[in-house]
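[1] just a sequence and a predicted model for now, questions to come.
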Amino acid sequence: MNKQAFTHPSVNYKFDEDNFAVEDESLSLKYFEEQIIDSQKYWRRFGGRPDFSGKVVLEIGCGHGALSIDAAISGAQQVIGLDLISDRITFARRIVAERFPDIANKIEFHQLDIDNMTTLDGKVDVIISKDTFEHIMGIDRVLISIRRLLREGGLLITGFSPLYYSPYGDHGFHAIGQPIKLPWAHLILGDARVVAAYNKYHEAVECHSGVECHSVYELGLNKLTRREFLQAFDQAGFAIVSETVNAVQGASKLMPLLRLLNKVPGLEDYTTVNMYVIARKI
């Protein structure tokens with residue numbers, strides 16, 4: 001592939017687990033149970049759950065393990081979940097052992113960057129990822145690793161939101177801990193004030209590691225637009241099989257309006273909330 005390299009300021013940042021709060025066990029369990037239910041809605045946004053029967057499946061950003069567990073229950077031969085936060089991997093391993101012993105022999109979780117996963121080169125049938133791509137720094141690097149792991153013709157299935165320039169694209173960090181969050185407020189306030197609000201909140205509730213963030217990128221928000229994501233997919237050697245923008249299944253009642261506004265020239269970046277993409281390795 002003789003294509004121009006993907007460039008974006010986010011490529012200069014690496015994920016740092018110390019920038020994130022230690023997770024409360026009861027909240028982790030509640031979130032996991034919500035995600036188990038949410039998996040059904042997630043697959044509907046692709047038109048239905050993929051056929052995982054007999055396949056080797058790898059999940060990027062597996063979190064507490066809900067989507068990986070869903071793939072294993074759905075008939076995958078082997079499922080590998082990767083995440084960069086150690087507490088989530090510990091939780092995922094424990095929840096499988098306690099609640100899903102019937103699939104424990106075909107699912108595994110690792111705190112590992114996909115760049116360092118080298119034992120499955122060309123052996124993975126499907127790579128899945130849910131609400132992770134908007135957090136990935138160096139998306140070009142990660143996509144190259146994804147392509148390396150996939151077999152010929154293998155699929156990447158990823159859905160993610162919110163994109164940064166959409167109404168709540170900062171994940172609400174501009175008003176973290178507050179009951180009211182305003183659409184596009186993070187763009188009006190600017191990055192510095194969003195980061196300051198995040199640091200102030202975590203200092204006040206004493207749930208932070210003590211590391212102060214200095215950039216939106218350090219908060220895990222890569223600020224990529226839809227066009228930049230599509231460019232990165234293309235340059236990494238993927239063909240888009242299907243794409244849904246601003247999926248409405250289970251979304252806010254405002255989503256149909258955002259879908260209309262998304263067609264207005266100049267408003268695409270500000271009204272693209274989510275992307276659901278199936279891409280094939282070529």
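    In hand now; what should we look at?
[2] could you give the mean pLDDT of the longest strand belonging to the chain?
    Longest strand of the chain, by residue count under DSSP state E: strand 150-160. Regarding strand 150-160, the rounded mean pLDDT is 98.
[3] name the nearest residue to Tyr42, sequence neighbours excluded.
    Spatial nearest neighbour of Tyr42, chain neighbours left out: Lys130 (5.9 Å); criterion: Cβ to Cβ, 6 or more residues apart in numbering. Glycine gets a C-beta too; all of them are placed from N, C-alpha and C.
[4] could you check the pLDDT of that neighbour?
    pLDDT, Lys130: 98.
[5] mind listing residues that contact the helix or strand harbouring Asp87?
    Applying DSSP states H and E as the criterion places Asp87 in helix 86-99. If you take Cβ atoms under 8 Å, 6 or more residues apart in numbering as the criterion, helix 86-99 is touched by 17, 22-23, 25, 28, 32, 62-65, 68-69, 81, 83, 103-104, 107, 109-111.
[6] filter the residues you listed down to the buried ones, ChimeraX style.
    Filtering those down to the buried ones (16 or more other Cβ atoms under 10 Å) takes a single ChimeraX command:
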select :23,28,32,62,63,64,65,68,69,81,83,103,107,109
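[7] in strands, which of the contacts of helix 86-99 fall?
    81, 83, 107, 109-111.
[8] now for Val241: which residues touch it?
    Per Cβ under 8 Å, 6+ apart, neighbours of Val241: 155, 278-280.
[9] let's see it at 10 Å
    Val241 sits next to 155-157, 277-280 when contact means Cβ atoms under 10 Å, 6 or more residues apart in numbering.
[10] sec struct for it, please.
    strand (DSSP: H, G, I helix; E, B strand; the rest coil).
[11] which parts of the protein are strands?
    56-60, 78-83, 107-111, 124-130, 150-160, 238-245, 275-281.
[12] which among these is found nearest to Gln40?
    Evaluated over the strands of the chain, closeness to Gln40 peaks at strand 124-130, with 12.3 Å, by Cβ to Cβ.
[13] name the helices or strands packed onto that closest one?
    Applying 3 or more Cβ pairs under 10 Å, 6 or more residues apart in numbering; DSSP states H and E, we find strand 124-130 packed against helix 25-44, strand 56-60, helix 66-73, strand 78-83, helix 139-149, strand 150-160, strand 275-281.
[14] make JSON lines out of those and add distance to Leu189.
    Shown next, in JSON lines, are these (distance: least, Cβ to Cβ, whole Å):
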{"stretch": "helix 25-44", "distance to Leu189": "27"}
{"stretch": "strand 56-60", "distance to Leu189": "31"}
{"stretch": "helix 66-73", "distance to Leu189": "33"}
{"stretch": "strand 78-83", "distance to Leu189": "30"}
{"stretch": "helix 139-149", "distance to Leu189": "25"}
{"stretch": "strand 150-160", "distance to Leu189": "23"}
{"stretch": "strand 275-281", "distance to Leu189": "25"}
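[15] and those: which comes nearest Gly266?
    Gly266 lies closest, by Cβ to Cβ, to one member of the helices and strands packed on strand 124-130: strand 275-281, at 19.1 Å.
[16] number of residues surrounding Asp102?
    Other residues lying near Asp102 total 10 when counted by other Cβ atoms under 10 Å.
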